[in-house]
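# What follows is a predicted structure for the sequence shown.
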Amino acid sequence: MSQHHPDLPAEQAFIDFAYACLEQSKVDAWKLRGLHEGTLGGTFQARYERDVFDEAVFNRLTQLDLGDAALVFGRIDRGPEAANDGEIESFHIGRLAVADENSDPVVVDWRAPVAEPFYRATGRDPLGLVRRRHFHVHGRQLLGLEDELFGDGHLGIGAEEGVEVATGTADRADGIRGYSTLLAALERGRTGQLGDIVATIQGEQDEIIRSPQTGVLVVQGGPGTGKTVVALHRAAYLLYTYRFPLEDQGVLVIGPNRVFLRYIERVLPSLGEAGVEQVVLADLVHDVNWARYAIDPPDHPLAARVKGDLRMSLVIDKAVTDRERPLRDDVVVPFRSGYVRLRAEESQRIVRAAQRRFRKHNAARRWVEGEVWNAMLATWRDDTATVAQIKEAVRSLPDVRAAFERMWPVLTPAQLLHDLYGSKALLKLAAAKHLTEAEYLSLYRERKADVNDVRWTEHDVAILDEARSYLGARPAKGTLKPDEADEIRTFGHIVVDEVQDLTPMQLRMVSRRSLNGSMTVVGDIAQATGALAPDDWDDILQHLPITRGSRVIGLSVGYRIPAQIMELANKVMMAATPSLRAPTSVRIGDEHPEFIRAAPSELLTAVVGATKELDADVGEGNIAVVVPDAMFEAVSGALDAAGIEHGKATRSGLEMGITVVPVSVVKGLELDGVVVVEPADIVAGEQQGLRALYVALTRSTKRLTIVHAKPLPDAML
């Protein structure tokens, strides 16, 4: 990376001009918005059009607000063969498209087709380029340039003395482009937020980002290969390329936990796409008070496996059917000077007919009510009464309400599961044909007085959603239409991160949100630590909508983790998943992993000392103390007692310089320094212990310290 390139002043001047054009675009957008501020009245159509216009202008202003992100990060020069006029043609590549006052392009959006050679050109296939230039920028300041020349350097494009030039990426065995620029980006200290890689996207990453939208795209990538950020850039690319209809259909990003969502939340806005919905699975279930949602206490391991098993779909189906029951005895209630009756055999006819006519349980309730009123009317002694009169007179009577609750209750998913889990008899009735006795009894728990007091676990989320799929929407109050809040929303494209940890039931829940089968799912089989860890990608794809095809693409290069750390982690990976191949690291770190052995009584003291030492070494970067879940409070308390300020990553992010992170939520994060505490307890405490340890060992970009009192697992030796 040259800081003395002769073109540096000219390129800095161009960047300044690009920013001036960007500011003018903002001014113009505000002027357009101001044109409609005084026109608040008008017809409904006029108001609607004004709102649509205002929303479009607001979205444009949001896209133009880059914050501290760099606008321009590269340039390509196309040779006479590729250019339209036979001359060398240059394009500056940036975060978004910017034009001058004459609407001539100044900066090309990185997602535009003309920008593709910036990411794809190689020495063997230059794609018409004679030069690719990488900018090392900090905000608006150009710090250095790195040139790559293609072909024989003809047409006057060559390297001046003292200027760093790479003569084609084919000269590097790993195919890395802009190596100095990439290393400079990787060496920056972490901020606790995942940054975009738009300036340093590599060829194999770009292939995934620009892959066609159809079907399910699976991205297998080991630690540090950038699979998460590639998936997010792909979402931004698809929104740019297929703006209509994707903007209306929506794009959904599903992360493994809230710590992870906080970590990635700035990536898409930094790329100009702020409207993408980013959620954990629990956010997709709306009728539960998730303020009470808790990972602690977790499910028993057997219950977690059962709740993730696809057989639970059959159990829920049967549990719903079990709530559709004929009456045991006739119901006789007073009406006027006599009585009306609902005979038990008539209730059986109504229930059986409703089961045949309706796919969703709640949708049938209105019809069942109507049939009941008609059946009662048929028992009245003369024709002076109407259905409406009988309904008005008897619907509030306790016996009638009880009859409906037995025959066809309106249920929420939470109510259904609360009743099911709280009754061994109901569990046996619903599950005996599908689960063993030990399996269905593992679901049992004491009933609460109020369903709103139930603390659901993470594995209940998919079961609640499954129940919703069978129950359907409740009728909205005062109308025959279903309550829209109960409807399951679908999306035009879905991105799922750490997909290897989703159970079949959770994958089924994700598939339910897909409008057309278009998905990008990313993960690493070697890091599968869930209740039902898959052995290969076929185990996952069988639960996703693959009618439009599926592809598995691998990322082979590790950008984040130094080779010395990966060498240790690979020992654990080979013990956990011997059939998988580790990514190749492109960086050599400054230090090997450090091991600190402590006496059991001195373990917490050793953790405090290691944290202080790592904090001093890392400087401005951030540190995680990764602990077995059972040690979380003890380690946090030891740091408090030592006067070390730190965050606690349970539901928050990595805002503090030092954060204590339970191993169960560390997946997907990257930090400058990591202290891993008691590997033996991590292996013993997690369902996929060696894989969880592999995850913990692969979070650091610079320094790794292992503190332990117990003997290390054999896989680390």
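Yep, it's here.
# who are the neighbours in contact with residue 201?
Residue 201 is in contact with 110, 119, 209, 230, 233, counting by CB atoms under 8 Å, 6 or more residues apart in numbering. For glycine as for every other residue, the C-beta is placed from the backbone atoms N, C-alpha and C.
# Residue 660 belongs to a strand?
Yes. Under DSSP: H, G, I helix; E, B strand; the rest coil, residue 660 falls within a strand.
# burial measure for it, as a count.
For residue 660, the neighbour count with other CB atoms under 10 Å is 29.
# Nearest residue to residue 321 in space, please, no chain neighbours.
Nearest residue to residue 321 in three dimensions, chain neighbours excluded: residue 355, at 7.4 Å (CB to CB, 6 or more residues apart in numbering).
# The one you found - how many residues pack around it?
Residue 355: 14 neighbours (other CB under 10 Å).
# Quickly find the element holding it.
If you go by DSSP states H and E, residue 355 is part of helix 344-357.
# do residue 23 as well
Residue 23 belongs to helix 8-34 when elements are defined using DSSP H and E.
# Now that helix: buried residues?
Buried positions in helix 8-34, judged by neighbour count with 16 or more other CB atoms under 10 Å: 8, 11-12, 14-15, 18-19, 21-22, 25, 29, 33.
# Could you export those residues to JSON lines, including columns for distance to residue 694?
Listed next are the buried residues of helix 8-34 as JSON lines, based on distance: CB to CB, whole Å:
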{"residue": "8", "distance to residue 694": "44"}
{"residue": "11", "distance to residue 694": "43"}
{"residue": "12", "distance to residue 694": "45"}
{"residue": "14", "distance to residue 694": "46"}
{"residue": "15", "distance to residue 694": "42"}
{"residue": "18", "distance to residue 694": "44"}
{"residue": "19", "distance to residue 694": "44"}
{"residue": "21", "distance to residue 694": "48"}
{"residue": "22", "distance to residue 694": "44"}
{"residue": "25", "distance to residue 694": "47"}
{"residue": "29", "distance to residue 694": "48"}
{"residue": "33", "distance to residue 694": "51"}
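# Pick out whichever of these sits closest to residue 256.
residue 22 (35.8 Å; CB to CB).
# quick one: the closest one and residue 435, what's the gap?
60 Å (CB to CB, to the nearest Å).
# And the helix or strand hosting residue 706, what does it pack against?
Using DSSP H and E, residue 706 sits within strand 700-708. Judged by 3 or more CB pairs under 8 Å, 6 or more residues apart in numbering; DSSP states H and E, the packing partners of strand 700-708 are helix 563-576, strand 594-597, helix 603-618, strand 671-677, helix 679-685.
# partner strands of that strand, parallel or antiparallel?
strand 594-597 (parallel), strand 671-677 (parallel) (DSSP bridges).
# List the neighbours of it that are in contact with it.
Residues outside strand 700-708 that contact it (CB under 8 Å, 6+ apart) are 186, 190, 224, 560-562, 565, 568, 589-591, 593-598, 603, 606-607, 610, 613-614, 617-618, 621, 670-680, 697, 712, 716.
# Ok, stretch 421-428 next?
Under CB under 8 Å, 6+ apart, the answer for stretch 421-428 is 319, 322, 419-420, 437, 440-441, 443-448.
# Go again with 6 Å.
420, 440, 443-445, 447 (CB atoms under 6 Å, 6 or more residues apart in numbering).
# now swap in stretch 612-628 and tell me
With CB under 6 Å, 6+ apart, stretch 612-628 has contacts from 189-190, 192, 611, 635, 654, 657-661, 663, 666, 671-678, 681-682, 685, 696, 703, 705.
# if you set the cut-off to 7 Å instead, what comes out?
Contacts with stretch 612-628, where a contact means CB atoms under 7 Å, 6 or more residues apart in numbering, come from 189-190, 192, 607, 611, 635, 644, 654, 657-663, 666, 669, 671-678, 681-682, 685, 696, 699, 702-703, 705.
# just the buried members of these?
Buried among the contacts of stretch 612-628 by 16+ other CB under 10 Å: 190, 192, 607, 611, 635, 644, 654, 657-663, 666, 669, 671-678, 681-682, 685, 696, 699, 702-703, 705.
# what's near enough to touch residue 521?
216, 218, 496, 499.
# between those residues, which is nearest residue 342?
Nearest to residue 342 out of these is residue 496 (CB to CB; 48.6 Å).
# Pull up the gap between that closest one and residue 260, please.
12 Å.
# Residue 433 now?
38 Å.
# If you count surrounding residues, which of those two has more?
Just comparing residue 433 and residue 260: by other CB under 10 Å the higher neighbour count belongs to residue 260, 23 against 10.
# Quick one: distance of the strand or helix carrying residue 467 to the chain centre.
Assigned by DSSP H and E, residue 467 belongs to helix 460-471. For helix 460-471, the distance from its own C-alpha centre to the chain's C-alpha centre is 20 Å (CA atoms, centre = their mean, to the nearest Å).
# I'd like to know which elements that helix is packed against.
With contacts taken as 3 or more CB pairs under 7 Å, 6 or more residues apart in numbering; DSSP states H and E, helix 460-471 sits against helix 311-321, helix 413-421, helix 504-512.
# Can you give me the buried ones in the very next helix or strand once past the second one?
Sequence-wise, the next helix or strand beyond helix 413-421 is helix 424-431, with elements assigned using DSSP H and E. Taking 16+ other CB under 10 Å as the neighbour-count basis, helix 424-431 is seen to contain the buried residues 426-427, 429-431.
# And stretch 209-224, by the same measure?
209-211, 213, 215-224.
# Can you check the distance spanned by that stretch, start to finish?
With CA to CA, to the nearest Å applied, stretch 209-224 spans 17 Å between its terminal residues.
# do stretch 134-142 as well
Where stretch 134-142 begins and where it ends lie 11 Å apart, using CA to CA.
# got it, and stretch 276-284?
14 Å.
# Where do the helices of the stretch 351-500 of the chain begin and end?
365-377, 387-394, 398-407, 413-421, 424-431, 437-441, 460-471 (DSSP state H, counting those that start in this stretch).
# helix or strand right after the helix or strand of the chain with the lowest mean pLDDT?
Between all helices and strands in the chain, the lowest mean by mean pLDDT, DSSP states H and E belongs to strand 165-166, at a mean of 49. Per DSSP H and E, the first helix or strand lying C-terminal to strand 165-166 is helix 179-187.
# tell me what that next one is packed against?
Using 3+ CB pairs under 7 Å, 6+ apart as the contact criterion, the elements in contact with helix 179-187 are strand 129-138.
# For the strand it packs on, give the mean pLDDT please.
Mean pLDDT, computed over strand 129-138, is 92.
# With stretch 447-467 instead?
Here the average pLDDT along stretch 447-467 is 92.
# Determine which stretch of the helices of the stretch 351-500 of the chain is the most buried.
Looking across these with neighbours counted as mean count of other CB atoms under 10 Å, the highest average goes to helix 460-471: a mean of 24.
# residue ranges for the strands of the stretch 1-150 of the chain, please.
72-78, 89-94, 98-99, 105-109, 129-138, 141-149 (DSSP state E, counting those that start in this stretch).
# other SSEs contacting the shortest one?
Think strand 98-99. helix 8-34, strand 105-109.
# got the phi/psi numbers for residue 274?
When read as degrees, to the nearest 10, the backbone of residue 274 gives phi -90, psi -10.
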